[in-house]
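# based on what follows, work out the 3D shape:
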Amino acid sequence: MPRPTRPPVRTRPWYAGPSLALLLLLGLPASAGGTGAAAPALVAQTLDGKPFALAGLKGKVVLLDFWASWCGPCRKSLPAIDGLQSRFGEGKFQVVGVALDTDQGAIYDFLDQTPVHFPIVPDPSGHSAEAFRVVAMPTSFLIDADGRIVARFEGGEHLKEEADAIAALIRTGESAPAAGYRVAPGLEAKGGLKAWQRGHLADPIMNLDGDRLTGFLREHIQASKEGAAGTGGAAGGGCGCN
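Got it, this is the predicted structure:
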């Protein structure tokens, strides 16, 4: 049975109507996604069908957050990122979320339970994530008022540091590149696999839904995988059946 379509009018902010895919990506510099580089141009439509252009936010500090509803760390960090929008307001600051789900219904379902107050741009193709060279989920890019990337935060675990960086950038306007926070190289997506391709990289352990017994089983399976990946001894290893 096909999934029922969403009604054309919703009441929640930023995702009130039928979702529409990313339309266009332009101007990808060689250092796209790197600190100090101009942010790749992003022209799209939001989940509620409104036109969106990243260049239209020049003059504001922007936090561009790449996430997906199936990603456990994303689900945990998104409400906190929404809190950043509320804390700093829309005068000099704007959060934009790029949802990389291939199932748009899953985006609606998550936002029904966890509404946010910033625009959501759906990109099931992942082209925007490729342009920004996303290698981990979630990843947030801090962009200054001139449209340059000044920091990237991977893994959803550095919200205090993000808040401090946003406050400093709004206060001083300083656009010198900041280091940001990266995941360990071993946790990055490699080769042809992309961090937002759930079928390849999202382990069931990432799923926050379900009963406690299912959760315990997933944790056991994950521990077995980690043990199998080790070298024996205290680091684990062997057949993975521990």
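
# burial measure for residue 58, as a count.
Neighbour count for residue 58, taken as other Cβ atoms under 10 Å: 14. C-beta here means a position set from N, CA and C on the backbone, and glycine is covered the same way.

# so how far is residue 139 from it?
Note on residue 58: its distance to residue 139, by Cβ to Cβ, to the nearest Å, is 21 Å.

# now swap in residue 59 and tell me
According to Cβ to Cβ, residue 59 stands 24 Å off from residue 139.

# these two: which is more packed in?
The neighbour count for residue 59 versus residue 139, taken as other Cβ under 10 Å, is higher for residue 139 (27 against 10).

# next one: phi and psi at that one?
When quoted as degrees, to the nearest 10, the phi and psi of residue 139 stand at phi -140, psi 130.

# so for the helix or strand that residue 44 is a member of, mean pLDDT?
Secondary structure assignment for residue 44, by DSSP states H and E: strand 41-45. Averaging pLDDT along strand 41-45 gives 92.

# same deal with stretch 138-155?
Averaging pLDDT along stretch 138-155 gives 93.

# check residue 125 and give its pLDDT.
In this model, residue 125 carries a pLDDT of 92.

# in terms of helices and strands, where is it?
Per DSSP H and E, residue 125 falls between elements, in no helix or strand.

# residues near it, how many?
Other residues lying near residue 125 total 13 when counted by other Cβ under 10 Å.

# how about the strands of the chain, start to end?
Using DSSP state E, the strands of the chain run over 24-26, 41-45, 51-53, 61-67, 93-99, 120-122, 139-143, 149-154.

# show me the shaky parts of this structure.
Scanning the chain for pLDDT under 70 picks out 1-35, 174-179, 183-191, 198-212, 214-216, 218-242.

# got the domain boundaries for it?
24-187, 210-235 (automatic domain parsing).

# quick one: which of those is nearest residue 194?
Set against residue 194 and scored by Cβ to Cβ, these come closest in domain 24-187, at 5.9 Å.

# I'd like the distance between residue 72 and residue 129.
On the measure of Cβ to Cβ, residue 72 and residue 129 end up 18 Å apart.

# and residue 137, by the same measure?
The value you get for residue 137 to residue 129, if Cβ to Cβ is used, is 9 Å.

# who has more neighbours, those two?
residue 137 (28 against 23).

# I'd say that one and residue 194 touch.
No: if you go by Cβ atoms under 8 Å, residue 137 and residue 194 don't touch, sitting 9.6 Å apart.

# ok, now which ones touch the residue nearest to residue 42 when sequence neighbours are not counted?
Spatial nearest neighbour of residue 42, excluding adjacent residues (Cβ to Cβ, 6 or more residues apart in numbering): residue 54 at 4.0 Å. Going by Cβ atoms under 8 Å, 6 or more residues apart in numbering, residue 54 touches 39, 40, 41, 42, 43, 62, 64, 96, 143, 147.

# between those, which is nearest residue 159?
Scanning the contacts of residue 54 for proximity to residue 159, where the rule is Cβ to Cβ, the winner is residue 64, at 15.2 Å.
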